[in-house]
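# requesting a structural model of the entry that follows:
(one chain, ligands or ions: 1)
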Amino acid sequence: MKLHIKKDDTVIVLSGKDKGKKGKVIFSVPSQGRVAVEGVNVVTRHQRASQSSPQGGIVKQEAPINSSNVMVVCGSCKKPTRIASKKLADGSHVRACKRCGENIDK
Ligand SMILES: [Zn+2]
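This next block holds a predicted model:
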């Protein structure tokens, strides 16, 4: 399965407890079709003291959510949009906004 969402995209959440939230994609897990979004689906983990965190304690971390629950927000028209694939003169493809046609990939 190919993910149309990439790291650093701005997305909006369409369902779940964080519905309506906007954030930046921190990382994606293409094999699972999931993306982790800043401030969305934050889970609290209790961590034992270790060498990297001698204090141990509570760590907040974004857990990846299903990519079908988010939509990319276009940087040009600022609206959530579906992604169109545009072919360039040199044969490569870029992602574009279905609403305004602007390229999402710079
Ligand atoms: Zn647009």
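# when you work out contacts or count neighbours from here on, use the C-alpha atoms and nothing else.
OK.
# surely residue 103 is in contact with residue 93?
No: if you go by Cα atoms under 8 Å, residue 103 and residue 93 don't touch, sitting 10.3 Å apart.
# of the two, give the one with the bigger neighbour count.
Between residue 103 and residue 93, counted using other Cα atoms under 10 Å, the more crowded position is residue 103 (18 against 13).
# so who does that one touch?
By Cα atoms under 8 Å, 6 or more residues apart in numbering, the contact list for residue 103 reads 94, 95, 96, 97.
# drop anything exposed from those residues.
The neighbour count (16 or more other Cα atoms under 10 Å) marks 95, 96, 97 as buried among these.
# now the first one: how far from residue 88?
Relative to residue 88, residue 95 is positioned 10 Å away (Cα to Cα, to the nearest Å).
# one more: residue 65?
Counting by Cα to Cα - residue 65 and residue 88 are separated by 31 Å.
# okay, those two: which has more neighbours?
Neighbours per residue (other Cα under 10 Å) separate residue 65 from residue 88, with residue 65 holding more: 20 against 9.
# neighbours around residue 87, how many?
Neighbours of residue 87 using other Cα under 10 Å come to 12.
# nearest residue to the middle of the chain?
For the chain, residue 25 is the residue whose C-alpha lies nearest the centre (Cα atoms, centre = their mean; 3.2 Å).
# for that one, which non-adjacent residue is spatially closest?
residue 37 (4.4 Å; Cα to Cα, 6 or more residues apart in numbering).
# pull the number of nearby residues for that neighbour.
Residue 37 is flanked by 28 other residues according to other Cα under 10 Å.
# next: the one 5 residues further on.
Other residues lying near residue 42 total 16 when counted by other Cα under 10 Å.
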